[in-house]
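K.L.:
mind looking at a prediction? Sequence and model below.
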Amino acid sequence: MPATPAYPPHSAPRLFVDVELNDGSEIRLDGSHAHYLLKVMRIKQGDPVKLFDDRTGEYLAHVTTVAKRDLTLLIDGKARDREAVPDLWLCAAPIKKDRFHWIAEKATELGVAKILPVQTERTQGPAIKPEKLRAHMIEAAEQCERTALPSLDPLTKLTAMLEQWPAERHLFFADERIHATGEGSFRKALVAHDGPAAILIGPEGGFSDSENEMIRALPQSVAVSLGPRILRADTAAIAAISLWMAGRGDWNPANA
Ligand code: SAH
């Protein structure tokens, strides 16, 4: 007796839809969603599709009608609630375009709750395009079975970010100069500071002296080292997020 395939087959396409979903509702997809399902995935009437909305969770749906440029699906049931996301923000100065997209994609996979692009004195590269950035984040979430997306803030000047910094949030400031001083143990910083957190990473040219002082003047800032070697900004971002996720995030099994 052939084993009945697990429903939906793992290969069922999985899409983020930016509208609240609920059981039994019908949804019409057009544009890029329809193009992907109809032309790339060659989806047919009755085929299963997984949808998530970054609000309530992930649902199982199936195709009810197919047209040339759009299709409708009926939601059959909720598969999962939206996942809990560790309360970590990534504040990073934009670097060359495609590398900043890479940071946004990896930060999404690693589970940050918010990405806050920070305009600093030495920020290079063209202005970021939020919709392109968000498209990379969505694609990462779709492929990695995520049910939540980081929120994406508009590009914010460092001074403004510091002025409106939330009182209860620690700002782990990755300072590439601090290692030689013997200060800045990230491990100790994580032990000492629990609760809402953010990581701040500078641009390729680093922070200026005055920026370094301004950041350190913030009561919530904690200067941390990412080791004796200078890392590229994208490497630093991923390393710092990983350290926080292992130290204060949700990477350790509950009973560890
Ligand atoms: N100023 C140097 C390095 C900038 S690297 C240069 O001009 O190349 C970009 C950012 O990555 C830094 O601002 C810092 O936030 C982070 N970073 C890189 N290496 C680091 C290290 N060893 N420790 C802490 N932060 C680091």
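P.N.:
Good, I have the coordinates.
K.L.:
pop the domain breakdown of this protein in here.
P.N.:
Split into domains by automatic domain parsing, the chain comes to 9-81, 88-247.
K.L.:
now do the strands in the stretch 1-150 of the chain.
P.N.:
Under the criterion DSSP state E, counting those that start in this stretch, strands of the stretch 1-150 of the chain are mapped to 14-16, 26-29, 48-52, 57-66, 71-81, 88-92, 114-119.
K.L.:
surely Trp211 is in contact with Met161?
P.N.:
Quick fix: residue 211 reads Glu, not Trp. No. The pair Glu211 / Met161 is not scored as a contact, 11.1 Å apart, by CB atoms under 8 Å. Where C-beta positions appear, they are placed from N, C-alpha and C, glycine not excepted.
K.L.:
A helix includes Asp234, no?
P.N.:
Yes. According to DSSP: H, G, I helix; E, B strand; the rest coil, the state of Asp234 is that of a helix.
K.L.:
please name the residues that touch Ala113.
P.N.:
Applying CB atoms under 8 Å, 6 or more residues apart in numbering, we find Ala113 in contact with Val85, Pro86, Asp87, Leu88, Trp89, Pro150, Ser151.
K.L.:
buried subset of those residues?
P.N.:
Val85, Pro86, Asp87, Leu88, Trp89, Pro150 (16 or more other CB atoms under 10 Å).
K.L.:
so which of the strands of the stretch 1-150 of the chain is nearest Thr108?
P.N.:
Thr108 lies closest, by CB to CB, to one member of the strands of the stretch 1-150 of the chain: strand 114-119, at 7.9 Å.
K.L.:
related to what we said a few turns ago, winner for burial among the strands of the stretch 1-150 of the chain?
P.N.:
Highest mean neighbour count among the strands of the stretch 1-150 of the chain (mean count of other CB atoms under 10 Å): strand 88-92, with a mean of 25.
K.L.:
and the contacts of that strand?
P.N.:
100, 103, 107, 111-118, 150, 161, 169, 171, 197-201, 233, 237, 241, 244-245, 248-249.
K.L.:
switch to 6 Å and redo it
P.N.:
Residues from elsewhere that reach strand 88-92 (CB atoms under 6 Å, 6 or more residues apart in numbering): 103, 107, 112-116, 118, 197-201, 237, 244.
K.L.:
what lines up beside that strand in the sheet?
P.N.:
Paired neighbours of strand 88-92 in the sheet (DSSP bridges): strand 114-119 (parallel), strand 197-201 (parallel).
K.L.:
out of the domains of the chain, nearest to the ligand?
P.N.:
For those, the distance to the ligand is smallest for domain 88-247, at 2.4 Å, taking CB to the nearest ligand atom.
K.L.:
that closest one and the ligand in contact?
P.N.:
Yes. Against the ligand, domain 88-247 shows contacts by CB under 6 Å from any ligand atom at 174-176, 179, 201-202, 204-207, 225-227, 229-231, 233, 236.
K.L.:
weed out the non-buried ones from those.
P.N.:
Buried among those (16+ other CB under 10 Å): 174-176, 179, 201-202, 206-207, 225-226, 231, 233, 236.
K.L.:
show me those that map onto strands.
P.N.:
Ala174, Ile201 (DSSP state E).
K.L.:
any chance of CSV for the buried ones among the residues of domain 88-247 next to the ligand, columns distance to Leu74?
P.N.:
What follows is those, written out as CSV (distance: CB to CB, whole Å):
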residue, distance to Leu74
Ala174, 48
Asp175, 53
Glu176, 53
His179, 57
Ile201, 44
Gly202, 49
Gly206, 53
Phe207, 52
Ser225, 54
Leu226, 49
Leu231, 49
Ala233, 45
Ala236, 46
